[in-house]
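> Sequence isn't available, so here's the structure alone:
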């Protein structure tokens with residue numbers, strides 16, 4: 001394959017789809033450049049800063065969902081254990097913990113190799129999965145940091161199945 005063939009194959013930037021989805025839903029967003037867009041989403045527990053990055057070299061649309069939650073040094077080991085326990089249960093995506101900075105982030109990627117074009121539904125699903133994971137587990141992070149619970153206690157308290165109806 002020649003360089004011309006390679007560049008012609010990748011003319012569709014999936015961030016254009018993400019921008020269209022954000023506009024359609026009335027979400028605030030900002031394009032940081034040709035390869036990144038950040039969307040601000042209000043959740044039940046906190047506000048989320050969702051960054052989509054088009055990683056041209058590996059043909060993947062990367063999503064990073066961050067929220068304002070700085071883990072104090074005294075809780076970092078327990079939060080690291082909590083994240084490990086959470087990630088064991090997840091089918092897609094994962095939480096990362098930047099131990100040095102005390103920051104928690106959810107990450108996931110949509111692989112678009114071979115010239116596959118991202119759809120509105122795929123980009124919305126990527127966002128929905130991120131927000132669902134963050135909303136579900138945010139209380140567990142709070143239980144560890146603010147209530148002094150162990151990772152197991154926090155996860156058990158935050159993620160439980162309800163039965164019946166009111």
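Structure received. Source: prediction; values computed, not measured.
> list the helices and strands the helix or strand containing residue 155 packs on?
Here residue 155, judged by DSSP states H and E, is contained in helix 151-158. If contacts are counted by 3 or more C-beta pairs under 8 Å, 6 or more residues apart in numbering; DSSP states H and E, helix 151-158 sits against helix 76-89, helix 120-147. Quick note: C-beta positions are derived from backbone N, CA and C, even for glycine.
> buried residues in it?
For helix 151-158, burial by neighbour count (16 or more other C-beta atoms under 10 Å) applies to 151, 153-155, 158.
> now do stretch 97-106
97, 102, 104-106.
> in the protein, which segments are predicted with low confidence?
1-11, 160-166 (pLDDT under 70).
> between the helix holding residue 155 and helix 76-89, how big is the angle?
Per axes from the mean of the first three to the mean of the last three C-alpha atoms, to 10 degrees, the angle that helix 151-158 makes with helix 76-89 is 60 degrees.
> Nearest to residue 28, out of the helices and strands packed on helix 151-158?
Evaluated over the helices and strands packed on helix 151-158, closeness to residue 28 peaks at helix 120-147, with 13.7 Å, by C-beta to C-beta.
> For the closest one, which helices and strands make contact with it?
helix 14-25, strand 36-42, strand 47-55, strand 60-70, helix 76-89, strand 103-111, helix 151-158.
> Pipe the ones you listed into JSON lines and attach distance to residue 139 per row.
Formatted as JSON lines, those follow (distance: least, C-beta to C-beta, whole Å):
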{"stretch": "helix 14-25", "distance to residue 139": "25"}
{"stretch": "strand 36-42", "distance to residue 139": "17"}
{"stretch": "strand 47-55", "distance to residue 139": "15"}
{"stretch": "strand 60-70", "distance to residue 139": "11"}
{"stretch": "helix 76-89", "distance to residue 139": "11"}
{"stretch": "strand 103-111", "distance to residue 139": "13"}
{"stretch": "helix 151-158", "distance to residue 139": "4"}
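> Which one of the ones you listed lies nearest to residue 123?
Here helix 14-25 is closest among the helices and strands packed on helix 120-147 (C-beta to C-beta), at 5.0 Å.
> Run the chain-centre distance for that closest one.
The chain centroid and the centroid of helix 14-25 are separated by 16 Å under C-alpha atoms, centre = their mean, to the nearest Å.
> Hey, what's the angle from it to strand 47-55? Just curious.
Using the same axes, to 10 degrees, helix 14-25 lies at 150 degrees relative to strand 47-55.
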